[in-house]
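> Fold the following, please.
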Amino acid sequence: MKHFLALLIGFVFLKKAQAQFCDGTETFEKITGVTLTSASETPLYSSVGNTVTAECNNRCRASQDCPAFLIDYDNDACYRLDTNSDDNRELIVDTDRKTNYFEKVCLNVPACERAWIYERVVGYVLEGYDDRVVGQVTSRKSCQEMCLQETEFQCRSAEYVYSSQECRLSRESRRSQPSSYRATTSDVDYLENQCARERRPSSCQYDEFESQDIGYADIQVTARNAKECGEMCDQTSAFNCRSYTFFLSSGACRLSGDDNISAGPAAVVSRQGADYYQRSPCIDLSLVCTGESMTVTLNTEEPFTGRLFAQSAARDCETRGNARTETQLTFFFEEAAAAKCGVEREERGVYSNVVVVQHHPVIQRKGDRAVQLFCYFETGDKVVTNSYDVLADTIDGGIGISTPSSVVNATAPSPGVRLRITTSSGEDISGTRLGEKLFLRIEMDQESIFGIFARNLKAIGGDDEDSIDLLDDRGCPTDPIIFPGLQKLPDSRDLQGSFEAFKFSDTSVVRFQVNVQFCVDECNPVECGDGLQSYGRRKRSPDSLISKTLTVDLPPPDVPESFASRLVYDDYLGQEVLYSDTPLSTEIHVESGTTVDRFRDPRLKADNNGVFIWGANEDEEVVCTTWPVIIATGAAVIFLQLCIISTCLLCLCTSRRSKPKQDRMSDHHSLYSGRSVLTPHLPPGALYHGELIDKPGSSYSRVTDTSASTLKSLRTSLRD
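This next block holds a predicted model:
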């Protein structure tokens, strides 16, 4: 603990009016997962096996020729950069390495003692939570200072729009409203104030990711267990500690200012011997148990229009929010109803279920939560909840890239066009997780004479049961939070829109389908209102198409005749278009991959010795027992079987030994009884007939000798 406190004391980085060119608060703003192009990297500090954030921060602050530095977490090293972005956002590019870019800034307002005062995200906004909007703000720095000076409310985040010089202040942040935090194509930066006091209700705990690590450690200390490591994270004042990783074998406790919201879901990777913990999003759920049912109640600050449903029965057991701040869902314990809604009997007097809080009425997104509920009836009604994040660890899955589709008649060279879902580097994805930043791209042959625009973009579930419109029939986004629209890429005819991965409740497959149409040369964007432009069109009725066809001018001479005959002037776009109703489609797999973090009743032992034995039929009762009982029962059964076998063998041996004695008794009885069954009985007539031929004496003697010989022979045979 002394070592931990010493690190905290040494991790105070703010120095006022000490730098030559700063007469206010010199600090840093942090950007996660990026690097600065065209900047020269000079080694600043390294310590293999340890964390380097504190030392790198101190060394850069003490140097007048260190405008920025970059931490490479994979190599436990940092580098001084000879330049910073200077509001040139094009120099900031994403990287696959685990890096954090720190840019030195000078704020002319009082600030808190933090290693960095702002976390900046290029191209992201918090949609719908602007508490104050100020125009004519000349720089991002001025917007940051306004947020720090706000007195009417706690300014937790800000957004600066470069093109309009607009500063938007909010009392919310990407962690308090994760479903409204999204990527955008506008020239805007999201700025999160690290001096703002974070709301941490007692119900907000850490989610555990076994055998995983995020890899963005800023402080390393020693702890006896994971709980103590978490307490150190809570006590950290040098920065907002959002996650930690505990290594049981060494007792190493690595604290981080990042989580899978700032670093992205893909940052959490498998690592043997490590257990990763991060703060879970807070939701206000309560549970009431009665003898017949459990009722879960969701309370929200804003009207709730999403879904509350059982995880294993999303369609059969759900309730939809009707724009109220209180939403309830009841699960009954009656056998048929329990089986329908996934209510499980954990043990005698304990019932559980998993409920999902989905903020959007159709799709699941980052920030949605799954909560396991328990009702105990051993000592009266008891209310317990334990939650885990729907966004989790790892996923497998693949996508099939749609082959280039022909959208015009094949009698002339057709513009090749295809639909792709890619990462920020342009690589086709092989699977993704909720909240991952993705790009939907519509690509076209560069040699074509046509430009493209899109309309009626839909996301459809793999079972074709659910769907959501992303672009309407004009080509405008229906919900900019989910999909902000399509923009034309520079120096190409391709269209691109960024979004965060989402999924439907009952399937991990999300299929995208879009109608693409063509314009001669380039397409004009559509005005969607509120300053939003998108490359789409308004769908025309057949009658209007016929009337406009009568006034079409002759096509340019470089348009093939087979195309020219199909061009129609669209007054909404102000140009000629080529219609095609052949949709493009592709699909991706979005898996939550989440394991339920089961709650353990404090009254129960945590040694995990319990055993649940299911009957042959799934509808039968669950038998609850322990390993000692199973072992004793098995030994008793084996002993009983051995006793039965021994008894049978003993009886068999006894029977075989008594059989020879019985045979000898039978022989003795045959020899000495008067008329044995073995002695031939001659009729009287035969004996006296012999006397008429021979002498009585000789005849009797022969009969006697023969009888004696026969008896002797029989006795010998019987003995043998």
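
> can we go C-alpha only for contacts and neighbour counts from here?
OK.

> Okay, helices next: where are they in this structure?
For the chain, applying DSSP state H gives helices covering 2-10, 53-62, 140-149, 226-235, 335-341, 542-549, 561-564, 627-672, 684-691, 696-719.

> weakest of the ones you listed by average pLDDT?
Mean pLDDT is lowest for helix 542-549 among the helices of the chain, at a mean of 31.

> mind checking the end-to-end distance for stretch 31-41?
Taking C-alpha to C-alpha, to the nearest Å, the first and last residues of stretch 31-41 lie 17 Å apart.

> Am I right that E334 is in contact with M294?
No: counting by C-alpha atoms under 8 Å, E334 does not reach M294; the two are 11.2 Å apart.

> With neighbour numbers in mind, choose between those two.
Ranked by neighbour count (other C-alpha atoms under 10 Å), E334 and M294 place M294 first, with 22 against 12.

> could you measure the more buried one against F333, distance?
8 Å.

> Contact partners for the nearest residue to K503 once chain neighbours are set aside?
Closest residue in space to K503, ignoring its immediate chain neighbours: Q364 at 5.1 Å, by C-alpha to C-alpha, 6 or more residues apart in numbering. If a contact means C-alpha atoms under 8 Å, 6 or more residues apart in numbering, then Q364 has Q358, L434, F502, K503, F504, S505 as its contacts.

> Quick check: bridge partners of the fifth one?
Going by DSSP bridges, F504 is paired in beta bridges with I363, T507.

> What is the burial count for K437?
Neighbours of K437 under the rule other C-alpha under 10 Å: 18.

> so how many other residues sit close to V350?
For V350, the neighbour count with other C-alpha under 10 Å is 14.

> nearest spatial neighbour of it, skipping sequence neighbours?
Distances taken as C-alpha to C-alpha, 6+ apart put Y376 closest to V350, at 4.7 Å, once the chain neighbours are dropped.

> Show me what that neighbour bridges to in the sheet.
Per DSSP bridges, the residues bridged to Y376 are V350, K382.

> Begin at 50 from now on, thanks
Got it, first residue is 50 now, which makes that one Y425.

> Just to check, it is in contact with R394?
No: if you go by C-alpha under 8 Å, Y425 and R394 don't touch, sitting 10.4 Å apart.

> buried stuff in stretch 412-426?
If you call a residue buried by 16 or more other C-alpha atoms under 10 Å, then stretch 412-426 has these buried ones: 412-425.

> Repeat that for stretch 362-371.
Those would be A362, A363, C366, E367, T368, R369, G370, for stretch 362-371 by 16+ other C-alpha under 10 Å.

> Mind checking the pLDDT average for it?
Mean predicted confidence for stretch 362-371 is 90.

> Also stretch 296-310?
For stretch 296-310, mean pLDDT rounds to 95.

> ok, and what's touching it?
Here stretch 296-310 makes contact (C-alpha under 8 Å, 6+ apart) with 224, 263, 265-275, 278, 282, 288-295, 315-317, 322-324, 327.

> Buried ones among those?
The neighbour-count test (16+ other C-alpha under 10 Å) marks 224, 263, 265-272, 275, 278, 282, 288-295, 315-317, 323-324, 327 as buried among the contacts of stretch 296-310.

> what number of residues lie near the nearest residue to F202 once chain neighbours are set aside?
Here the nearest residue to F202 in space, its sequence neighbours aside, is R220; by C-alpha to C-alpha, 6+ apart that works out to 6.6 Å. Using other C-alpha under 10 Å, R220 is surrounded by 18 other residues.

> any idea how far R220 lies from S311?
R220 is 18 Å from S311, by C-alpha to C-alpha.

> and what of Y209?
For Y209 relative to S311 (C-alpha to C-alpha), the value is 18 Å.

> Specify which residue of these two has the higher count of neighbours.
Neighbours were counted for Y209 and for S311 using other C-alpha under 10 Å; Y209 has more, 28 against 18.

> how near is the residue nearest to the more buried one when sequence neighbours are not counted to F288?
Distance criterion C-alpha to C-alpha, 6+ apart; nearest residue to Y209, sequence neighbours excluded, is C216 at 4.7 Å. Distance, C216 to F288, by C-alpha to C-alpha: 25 Å.

> how about the strands in the stretch 500-649 of the chain?
When assigned using DSSP state E, counting those that start in this stretch, the strands of the stretch 500-649 of the chain occupy the ranges 516-518, 536-537, 544-549, 552-553, 558-569, 575-578, 581-583, 616-619, 624-627, 632-638.

> Let me know which of those is tucked in deepest.
strand 552-553 (a mean of 25; mean count of other C-alpha atoms under 10 Å).

> Ranking helices and strands of the chain by mean pLDDT, which lands last?
When the helices and strands of the chain are scored by mean pLDDT, DSSP states H and E, strand 454-455 comes last with a mean of 27.

> how about low-confidence regions in the stretch 550-699 of the chain?
For the stretch 550-699 of the chain, applying pLDDT under 70 flags the ranges 569-570, 579-631, 641-674.

> quick one: contacts for G264?
Y122, D123, K147, A316, V317.

> What's the end-to-end length of stretch 209-227?
End-to-end span of stretch 209-227 (C-alpha to C-alpha): 19 Å.

> hmm, back to that, as TSV, the contacts of G264 with pLDDT would be great.
Formatted as TSV, these follow (pLDDT from 0 to 100):
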residue	pLDDT
Y122	97
D123	95
K147	95
A316	91
V317	92
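
> which one among those residues gets closest to K389?
V317 (34.9 Å; C-alpha to C-alpha).

> That closest one reaches Y265, doesn't it?
No: applying C-alpha under 8 Å, one finds V317 not in contact with Y265, separated by 9.7 Å.

> So for Y425 and R394, which residues contact both of them?
Counting by C-alpha under 8 Å, 6+ apart, the common neighbours of Y425 and R394 are Y400.
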